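# got a predicted structure here, sequence first:
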There are 2 protein chains.
Amino acid sequence: MAKTAVTLGIDIGGTNSVFGFVDREGKVLAEASIPTNADEPASMLLARLAVITEEVFEPIKSTCELKGIGIGAPNANYYRGTVENPPNLKWDGIVNIVELIQSKYSLLPVAITNDANAAAIGEMTFGAAKGMKNFIVITLGTGLGSGIVVNGDLLYGHDGFAGEIGHTTVFPDGRYCGCGKRGCLETYVSAGGLCRTVFEILAESREESKLRTLCFSDLTSKKIFDLAQKGDPIAVKAFDRTGYLLGIKMADAVAHTSPEAIIFFGGLASAGDLLFGPTHRSMEDHLFGIFRGKVKLLQSGLKEDNAAVLGASALIWNELKKKK
Amino acid sequence: MAKTAVTLGIDIGGTNSVFGFVDREGKVLAEASIPTNADEPASMLLARLAVITEEVFEPIKSTCELKGIGIGAPNANYYRGTVENPPNLKWDGIVNIVELIQSKYSLLPVAITNDANAAAIGEMTFGAAKGMKNFIVITLGTGLGSGIVVNGDLLYGHDGFAGEIGHTTVFPDGRYCGCGKRGCLETYVSAGGLCRTVFEILAESREESKLRTLCFSDLTSKKIFDLAQKGDPIAVKAFDRTGYLLGIKMADAVAHTSPEAIIFFGGLASAGDLLFGPTHRSMEDHLFGIFRGKVKLLQSGLKEDNAAVLGASALIWNELKKKK
């Protein structure tokens, strides 16, 4: 009997690295997770991954054939196969992950890209963007990541780092961003941005709110969401303001690449209409006329719990398709 | 002797329509211009063009072979071959220019795109973007147009209208734009935008300036440029402020598509360092770290007087290349 073709998708995160063996239809046949240990060098993580992926593959080895390895990682450069000064990992400078992995699996194709790009390929292959050739994926978590697909291909640009919409400027003298700039979109639209907006509104307004009893360190986007659902006026306003700014920058993004849809992915995206209602209204208000009423705002079609693995796996499925 | 292959490039403008027969190296072998007569229907313009292009082609007919027709026009849709509700032409709704032209020249390939996209293809084929695969062309004239090239191809997006950076938002409640929105980049960065900025600064400041003797209707970007060169403080400030805002939005554009260079084209672009000095500083200040120091700002490599014809011609040269 012919073996089932699978790829290994690995998502390297600041806390955990998850991986899974995924077939062509997006079914995860085996998966596991290990701590990334962000202060170790990359080679240690890869050595541990080599052992554990082998173990996890063992039970399905007789029926599956491994076709390639796809990796999603912060600050990954697709062209160079590198991870470059990742913000949440204490790796030195530029690490060539693809080279390190290929030294162990010399016969297999290996590719890497950043997590938001992996999510975009995941949506195109297994999720909400099936059949689309032009779309944008926005990941809303601790930060705001983006992956842009043009003519069916990820947009990497000259340098391999295209699609950093989270670091476009909303207010030139605005909030300080982890990247060193000020006023970046991700300082307003992200889990942390939403918390900052709550404190901004608490300072401005005189309205009563349960949020007045929480200190900044205890505040989470989940708590704001729960309060907004119960009608807390400050919490609702925080989502409104977040959606308003997101809508403006989505209109800008449409003016650049004219996508068929923008797909939202990640923790904050599960807020649903509370966030996307005001986002959609604001986007339509700020869209150039010829784009109005044409761009869909969608939620991810990937299961949250293994979306990152599906994205990384889809990256290498996509490479294998190109090679045919 | 083999005939020289030429294409016909036509640029349809609000006032005049210019055309020329251009060889593969970008040499214009014959050219002319007719009034567009913007209040006539499109079919009238095309009928007049058919006659005059024939006349202009006559003297070179024995040595040249026409290979295709490329057209640059406002609100042109490459996918559909149409011009859709052009702002400066009184054509009704949607006009299928490619179909109309092909009904006369049934054997020739015909393609249309908007003027900024034609400029981008022109730069790639004959100008400052030769050999580049990822770049942006910004046309600075009455308005601000843009053409984005990704992987060597013009970015059209889902709808055929990608690359409308002039209508991204600078200030949500900002200046009224001809497009019906507020705060569009082109209301700040364009010939008209520069004039509006002068009046804004005249209102704010108390500085002496020759500009205080000019009424709004008499003001032109050329006059502001001449005064800035002589050190007029208001005129210099107007260029500084224009460059500052342009720099922010160019940093945003880089975050989307990661170009190797941004190329400026059109009347206002000839202001040179007066505009691009502050633009470059502001762009670097607002760029996400990984892009800093990497993106070139260049001036057009096409001769101003037939740049539009070269762009339209390059469009069809590019199509012919793709067909091979």
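Received the coordinates, thanks.
# all helices of the stretch 151-300 of chain A, in order?
Secondary structure of the stretch 151-300 of chain A (DSSP state H, counting those that start in this stretch): helices located at A:191-204, A:221-229, A:233-257, A:273-286.
# any weak-confidence spans in chain A?
Counting by pLDDT under 70, chain A contains low-confidence residues at A:324.
# tell me which stretches of it form strands.
Listed in chain order, the strands of chain A (DSSP state E) span A:4-12, A:16-23, A:28-35, A:64-72, A:76-77, A:82-84, A:94-96, A:110-113, A:135-140, A:144-150, A:153-154, A:261-265, A:296-299.
# report the inter-axis angle for the third one versus strand A:4-12.
Here the directions of strand A:28-35 and strand A:4-12 differ by 20 degrees (axes from the mean of the first three to the mean of the last three CA atoms, to 10 degrees).
# buried ones in strand A:28-35?
Buried residues in strand A:28-35, defined by neighbour count with 16 or more other CB atoms under 10 Å in any protein chain shown: A:28-31. Using the backbone N, CA and C atoms, a C-beta is placed for each residue, glycine as well.
# need the max-distance pair from the residues you listed.
The largest distance within the buried residues of strand A:28-35, taken as CB to CB, falls between A:29 and A:31 and amounts to 8.1 Å.
# overlap in contacts of the two?
The contact sets of residue A:29 and residue A:31 overlap at A:20-21 (CB atoms under 8 Å, 6 or more residues apart in numbering or on different chains).
# so which of the strands of chain A comes closest to residue B:18?
Evaluated with CB to CB, the strands of chain A place strand A:144-150 nearest to residue B:18, the distance being 31.3 Å.
# got the angle between the closest one and strand A:261-265?
Going by the same axes, to 10 degrees, strand A:144-150 makes 150 degrees with strand A:261-265.
# how about the residues of the stretch 151-300 of chain A by chain B?
With CB under 8 Å from any CB of the partner chain as the criterion, the stretch 151-300 of chain A meets chain B at residues A:151, A:153, A:155-165, A:167-169, A:172, A:179-181, A:184, A:248, A:251-253, A:255-260, A:286, A:288-291, A:294.
# got a quick PyMOL command for the buried subset of those residues?
Taking 16+ other CB under 10 Å as the burial criterion, the selection of buried members of these in PyMOL is written as:
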select buried, chain A and resi 155+156+157+158+159+160+161+162+163+164+165+167+168+169+172+179+181+184+248+251+252+253+255+256+257+258+259+260+286+288+290+291+294
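# residue A:319: which of the helices of the stretch 151-300 of chain A is closest?
Taking those one by one with CB to CB, helix A:233-257 is closest: 22.3 Å.
# which helices and strands sit right next to the closest one?
strand A:135-140, strand A:144-150, helix A:191-204, helix A:221-229, strand A:261-265, helix A:273-286, helix B:233-257 (3 or more CB pairs under 8 Å, 6 or more residues apart in numbering or on different chains; DSSP states H and E).
# again, only this time at 6 Å
With contacts defined as 3 or more CB pairs under 6 Å, 6 or more residues apart in numbering or on different chains; DSSP states H and E, helix A:233-257 has these neighbours: helix A:191-204, helix A:221-229, helix A:273-286.
# from the chain's centre, how far out does it sit?
Taking CA atoms, centre = their mean, to the nearest Å, one finds the center of helix A:233-257 at 18 Å from the center of the full chain.
# show me the contact partners of that helix.
If you take CB atoms under 6 Å, 6 or more residues apart in numbering or on different chains as the criterion, helix A:233-257 is touched by A:136, A:148, A:165, A:170, A:185, A:188-189, A:194, A:197-198, A:201, A:207, A:209, A:211, A:224, A:227-228, A:262, A:274-275, A:278-279, A:282-283, A:286-288, A:291, A:295, B:157, B:162, B:164, B:167-169, B:172, B:256.
# surely residue A:309 touches residue A:20?
Yes - between residue A:309 and residue A:20 there is a contact under CB atoms under 6 Å: 4.1 Å.
# mutual contacts of the two, please.
Taking CB under 6 Å, 6+ apart as the contact definition, residue A:309 and residue A:20 share the neighbouring residues residue A:9.
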